[in-house]
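In: okay, here's the prediction I keep looking at, along with the sequence it came from:
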Amino acid sequence: MPHEPRLMQSLRALLGARRTAALGTLSEGPQPMPFVSFVPFAVDAQAGTLVLHVSALAAHTRQMQRCPEVSMLITAAEVPGEGVHALERVTLNGRATVLAPEAATAARAAYLTRFPEAEPMTLLADFRFVAIAPTAARHVAGFGAARDVPAEELAALLRAAP
């Protein structure tokens with residue numbers, strides 16, 4: 001097995017430990033504005049993407065369909081009594097694709113592996129799976145440990161996810 005750099009190990013651990021993210025999309029209207037929502041996510045290792053399960057009624061779903069470029073912020077958990085300025089975090093930029101039901105088998109399996117309690121929601125007619133293909137990221141592992149992560153590196157990391 002090839003050596004994995006410390007920062008890549010740290011990013012892998014962060015994505016494996018955290019199950020929620022802040023999703024940034026662009027609002028609708030004559031002057032689109034940033035819109036941030038809270039979403040659970042899973043990793044589809046087969047496709048090398050992040051997976052969301054969203055309602056067609058949600059504003060962020062319509063926004064992703066209109067403008068598929070999105071951003072997701074995933075942060076380490078706060079520790080009571082410790083500073084928050086050096087919390088590990090990653091901002092992932094990506095392209096969202098709302099999956100047709102017949103194309104969502106792997107995404108559904110990945111999502112239900114992480115969120116088995118969501119199985120009844122996956123049967124609701126207005127919910128869809130969305131694949132986020134990463135295009136770049138900014139990973140901050142702490143003070144003095146920040147770096148840009150190219151799309152190829154992100155995809156490889158996601159494909160190697162357990």
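Out: Structure received.
In: strands along this structure, start to end?
Out: 20-26, 34-40, 42-44, 49-55, 69-75, 89-98, 127-140, 146-150 (DSSP state E).
In: buried sites along the fifth one?
Out: Read that as strand 69-75. 70, 71, 72, 74, 75 (16 or more other CB atoms under 10 Å). Backbone N, C-alpha and C define where each C-beta goes, glycine included.
In: can you lay out the strands of the chain as JSON lines showing mean pLDDT and distance to residue 106?
Out: What follows is these, written out as JSON lines (pLDDT from 0 to 100; distance: least, CB to CB, whole Å):
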{"stretch": "strand 20-26", "mean pLDDT": "97", "distance to residue 106": "20"}
{"stretch": "strand 34-40", "mean pLDDT": "97", "distance to residue 106": "17"}
{"stretch": "strand 42-44", "mean pLDDT": "96", "distance to residue 106": "5"}
{"stretch": "strand 49-55", "mean pLDDT": "97", "distance to residue 106": "9"}
{"stretch": "strand 69-75", "mean pLDDT": "98", "distance to residue 106": "19"}
{"stretch": "strand 89-98", "mean pLDDT": "97", "distance to residue 106": "13"}
{"stretch": "strand 127-140", "mean pLDDT": "96", "distance to residue 106": "9"}
{"stretch": "strand 146-150", "mean pLDDT": "93", "distance to residue 106": "23"}
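In: residue 63: which of these is closest?
Out: Set against residue 63 and scored by CB to CB, the strands of the chain come closest in strand 20-26, at 3.8 Å.
In: the closest one - contacts with which helices or strands?
Out: Judged by 3 or more CB pairs under 8 Å, 6 or more residues apart in numbering; DSSP states H and E, strand 20-26 is in contact with strand 34-40, helix 59-66, strand 69-75.
In: and the angle from that strand to strand 49-55?
Out: 80 degrees (axes from the mean of the first three to the mean of the last three CA atoms, to 10 degrees).
In: now do the contacts for the nearest residue to residue 67 once chain neighbours are set aside.
Out: Counting by CB to CB, 6 or more residues apart in numbering, residue 67 lies nearest to residue 26, which is 4.9 Å off, once chain neighbours are set aside. Neighbouring residues of residue 26 by CB atoms under 8 Å, 6 or more residues apart in numbering: 32, 33, 34, 35, 63, 66, 67, 69.
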